[in-house]
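>>> Sharing a model that was predicted from the sequence below.
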Amino acid sequence: MDAPETDRNIKEKGTGGTGGAGSAAPSNFIRAIIAEDMRTGKYGGRLMTRFPPEPNGYLHIGHAKSVCLNFGLAGEFGGVCNFRFDDTNPSKEEVEYVEAIQEDVRWLGFDWSDRLYYASDYFGKLYEYAVELIKAGRAYVCDLTAEQIREYRGTLTAPGRESPYRTRSVEENLDLFERMRRGEFGDGSRVLRAKIDMASGNINLRDPVMYRIKKVHHHRTGDTWCMYPMYDYAHGISDSIEGVTHSLCTMEYEDHRPLYDWFLDVLDIYHPQQIEFARLKLSYTVLSKRKLLKLVNEGHVHGWNDPRMPTLAGMRRRGYTPEAIRNFSERIGVGKRESLVDLALLEYCVREDLNRRAPRVMAVLRPLKVVIDNYPHDQVEYLDAVNNPEDPSAGARKVPFCRELYLEQDDFMENPPKQFFRLTQGREVRLRYAYFIKCVDVVKDEKGTIIELHCTYDPATRGGDAPDGRKVKATLHWVSAPHAVSAEVRLYDTLFRKDDLDEVEEGKDFTEFLNPASLEALPSCRLEPCLGEAKPGARFQFERLGYFCVDTVDSAPGKPVFNRTVTLKDEWAKLRKAGRQ
RNA sequence: UGGGGCGUCGACAAGCGGUAAGUCAGCAGAUUUUGGAUCUGCCAUUCCCAGGUUCGAAUCCUGGCGCCCCAGCCA
């Protein structure tokens, strides 16, 4: 195998690692194994990993962990990572997925150069190896039905029985296998099996199926084949053909490793090593393609890219950044034990990234009309506002201010608890970048709902500072009523009300724990005028509220729809919540 | 006496015989024109349990206990 060493896997700057001295990346057992193999020259100083998704669904945050691990480690040690679709089961796989998956990995920031492969590229070679195994007396065609094979397999505690077809001659097996290939037999009528050990404690070794007949059109090979190789047979050989050195997969494949090794050993071909790590579990969501598919198919969400989905497509639409996800992948570590990662860690990672880069703007989600009684009727002032206090290079902008404004309904309380230090009657607060105002009157409708506030402002506090040095306890965001842009803003909460959805009691379905309040759409929010022309995908911090991005699907020119990516940390919300309990 | 894996703070996670890193969460305080950000301090005398070896054990040994995975012609 040749070993391209100049390819770069990482488009953007990687996260560093322990490959070099003084790096900050935490160590993990896989990095340690690779470092040791590199040190001893086990593969001639070569490192090749691979990311092998099956194109039968969209990638989710759990896959991101694997992508970051495989591409990240390769980048760190000067190796490469191949992109390979594990497309051995055409009845479940679709081109829609192969395209979406590539887009997701590219978006995450990784580049596989020209190393895009498909297990189906190797169908010919796989067939030849199968013939070789038959000739060596290590594989046979079995006529048992699926049901019979299951019966003969035995149970977890009882050994299996050998198939009556196990002793067929090499000639007969060769003939039958060739005729299987030619399509002479019906689906499910025969399979090719490896001849290993029907009494093995490891059920995977009880003469596993290598090929099954499936007269199904394949998205790449068309109708060339009417039988397809099974994962266990195809995967190790694919790794071997490509010259992979470290084949990383999740823990449930640990029992398959003896089989992975068996095929390569018996065939006596290049032998990569399989290493297993624990798959990611994230609180308040599900990470299994089966469950995600169900959410999509049953309409619990609006597609794979619904912003509430833990798919990369959903998270991207929600406003997550690749940097945040890569950082999250690094922080969670890699181990062998099952663990449930706290959603709060993911949210921390997005906030950390967005805090640095998202321009700040003001947006009022639940508008409450305010009239500044002593402000001139036809006057408009343009006040200076900082775009990002974390980034001076982001500059400043002008924000219009006039007599009629909108404030957030939550920022006014008639009978506030003592911890509430926002606006109330008689109290003075600051309007960000504008003036100190004091509430002098409250207007209600016949039902007693507050519909308007009357305030006075202090002209001497322009910009937000009082020349006499007096302080206010709160600074509120606001928007000029006549200048405001109206837009829909979608607030998201966790998709589920339960943190660990594997802990669902017998007889209950995980969908029973869906959060009915996971989406709240606010149709008429009032935004600062500059937001009218925000481009789809653009991310902002709405001051005091959270990070939002322009929806790429439902926004129209001049009529943006915003998705809340994540809230800001909120002391007041915490106090309120504690007070209720 | 089926096979395999795993058990370190509320959640992740270092540690590899020399006397429990770090991060998130939480709590307290400083600071603040975002109750944001930032900064400080606190948060495992103890590593599933019980024995043993050792001057010394989360790390080694023995025996328990607990959790996860495997009986697709899925991956």
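Alright, I've got the coordinates.
>>> wait, does the lowest-mean-pLDDT helix or strand in chain A make contact with RNA strand B?
Every helix and strand of chain A was ranked by mean pLDDT, DSSP states H and E. The lowest is helix A:571-580, at a mean of 90. Yes: with CB under 7 Å from any atom of the strand as the criterion, RNA strand B is reached by helix A:571-580 at A:Glu571, A:Trp572, A:Lys574, A:Leu575, A:Ala578. Where C-beta positions appear, they are placed from N, C-alpha and C, glycine not excepted.
>>> cool, stretch A:59-78 as well?
No: in terms of CB under 7 Å from any atom of the strand, no part of stretch A:59-78 sits within range of RNA strand B; the closest distance is 10.3 Å.
>>> A:Thr456 versus A:Thr321, what's the distance?
To A:Thr456, A:Thr321 is 43 Å away according to CB to CB, to the nearest Å.
>>> Repeat that for A:Glu99.
Taking CB to CB, one finds A:Glu99 at 60 Å from A:Thr456.
>>> Neighbour count: these two, which is higher?
Set side by side, A:Glu99 and A:Thr456 show more neighbours around A:Thr456, with 17 against 11, by other CB atoms under 10 Å.
>>> Check which residues of the helix or strand harbouring that one are buried.
If you go by DSSP states H and E, A:Thr456 is part of strand A:450-457. For strand A:450-457, burial by neighbour count (16 or more other CB atoms under 10 Å) applies to A:Leu453, A:Cys455, A:Thr456, A:Tyr457.
>>> For RNA strand B, state which of these is nearest.
Nearest to RNA strand B among the buried residues of strand A:450-457 is A:Tyr457, at 13.2 Å by CB to the nearest atom of the strand.
>>> got a list of what that closest one touches?
A:Ile372, A:Asn374, A:Tyr375, A:Ala434, A:Tyr435, A:Phe436, A:Ile437, A:Lys438 (CB atoms under 8 Å, 6 or more residues apart in numbering).
>>> State the pLDDT value of the residue in the stretch 351-500 of chain A that RNA strand B sits nearest to.
Nearest residue of the stretch 351-500 of chain A to RNA strand B: A:Gly464, at 2.1 Å (CB to the nearest atom of the strand). Looking at A:Gly464, its pLDDT is 97.
>>> just A:Ala481 next, same as before
98.
>>> what's the neighbour count on it?
A:Ala481 has 17 nearby residues by other CB under 10 Å.
>>> Just give the nearest non-adjacent residue to it, would you?
Of all residues beyond its chain neighbours, the one nearest A:Ala481 is A:Glu404 (4.0 Å), with distances taken as CB to CB, 6 or more residues apart in numbering.
>>> what sits against the residue nearest the centre of chain A?
Taking CA atoms, centre = their mean, the centroid of chain A lies closest to A:Ile61, which sits 2.9 Å from it. Taking CB under 8 Å, 6+ apart, we find A:Ile61 in contact with A:Leu280, A:Leu282, A:Leu287, A:Pro310, A:Thr311, A:Leu312, A:Met315, A:Ile325, A:Phe328, A:Leu346.
>>> now A:Leu312
Contacts of A:Leu312 (CB under 8 Å, 6+ apart): A:Tyr58, A:Leu59, A:His60, A:Ile61, A:His63, A:Ala64, A:Asp104, A:Trp107, A:Leu108, A:Ile325.
>>> which bits of the stretch 351-500 of chain A sit near RNA strand B?
Counting by CB under 7 Å from any atom of the strand, the stretch 351-500 of chain A sits next to RNA strand B at A:351-352, A:355, A:360, A:388-390, A:419-422, A:430, A:432-433, A:463-465, A:474-475.
>>> So which of the residues you listed sit within helices?
A:Arg351, A:Glu352, A:Asn355 (DSSP state H).
>>> quick check, nearest of these to A:Arg564?
Nearest to A:Arg564, judged by CB to CB, of those is A:Arg351 at 12.3 Å.
>>> Quick one: neighbours of that closest one, just the number.
A:Arg351: 20 neighbours (other CB under 10 Å).
>>> List the contacts of it.
A:Tyr547, A:Val566, A:Leu568, A:Lys569.
>>> if I look at it, how far off is A:Lys65?
Distance from A:Arg351 to A:Lys65, by CB to CB: 20 Å.
>>> now do A:Arg356
For A:Arg356, the distance to A:Lys65 - CB to CB - is 23 Å.
>>> Show me which of those two is the more surrounded one.
More crowded of A:Arg356 and A:Lys65, by other CB under 10 Å: A:Lys65, with 25 against 11.
>>> A:Cys142: neighbour count?
For A:Cys142, using other CB under 10 Å, the count is 23.
>>> Could I get the contacting residues of it?
A:Cys142 neighbours (CB under 8 Å, 6+ apart): A:Ile149, A:Ser163, A:Tyr165, A:Arg166, A:Arg190, A:Val191, A:Leu192, A:Arg193, A:Asp207.
>>> For ChimeraX, write the selection for the buried entries among those.
The ChimeraX selection below is limited to those of the contacts of A:Cys142 classed as buried (16+ other CB under 10 Å):
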select /A:149,163,165,190,191,192,193,207
